[in-house]
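A.B. asks: here you go, sequence then predicted model.
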Amino acid sequence: MASSILHCPRDGSALVSPDNSQKSVFSRNGISHCPTCSGLALNSSAASSEICIKKLEMIHDGFKDEGISVDICCPFCDSEMKVRDFAFRKIDGSLTELIEIDGCPTCSSIWLDAGELQRLSPPSGNTSNSPSSEAGALAIVLDLLLHLPFVFV
Ligand SMILES: [Zn+2]
Ligand SMILES: [Zn+2]
């Protein structure tokens, strides 16, 4: 799996694999990112962080029997993906804004559009950021979120 090139389910761009990313946050969480739209693809078998692997498997459970089918294919196994709304529970007990997550019912992978994470953490005003550095910023947001409990809504 590691050697095959994955493609962005949104725009078909070749995804940058975690190993080819410069930042450890990508390899730790097994994040492949799209150089065009800054979307993030995660797969539990690509991650090295135990927290991330457990969280992805828990999220995957929520896509086996539930979720609404969407017209995009899993970058890892080509299954039709599903979408669900979910939120993370913050330290103070309140929930983050709802974000949409596309999950694969077959393998434990998820796709996150850049816009979903940007709603939780708006870009810091520097509009000249390249999509890759934007993906890096979003991966850091996601890295923090993966430490929080999540709820499907
Ligand atoms: Zn893309
Ligand atoms: Zn899949």
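C.D. replies: Structure received. Numbering: from 1, shown residues only. Ligands and ions are numbered 1, 2, ... in the order given.
A.B. asks: now Ser48: closest residue in space, sequence neighbours ignored.
C.D. replies: Arg28 (5.7 Å; C-beta to C-beta, 6 or more residues apart in numbering). Any C-beta I mention is one placed from the backbone N, CA and C, and that applies to glycine too.
A.B. asks: counting neighbours, what do you get for that neighbour?
C.D. replies: 17 (other C-beta atoms under 10 Å).
A.B. asks: now do the phi/psi pair for it.
C.D. replies: Dihedral pair for Arg28: phi -60, psi -40, per degrees, to the nearest 10.
A.B. asks: roughly how far does Ala46 sit from ligand 1?
C.D. replies: Counting by C-beta to the ion, to the nearest Å, the separation of Ala46 from ligand 1 is 17 Å.
A.B. asks: go ahead and confirm that residue touches Ser21.
C.D. replies: No: counting by C-beta atoms under 8 Å, Ala46 stays clear of Ser21, with 11.5 Å between them.
A.B. asks: roughly how far apart are the residue of the chain most remote from its centre and Leu148?
C.D. replies: For the chain, the largest distance from the centre (C-alpha atoms, centre = their mean) belongs to Asp92, which lies 24.0 Å off. Plainly put, Asp92 is 11 Å away from Leu148 if you go by C-beta to C-beta, to the nearest Å.
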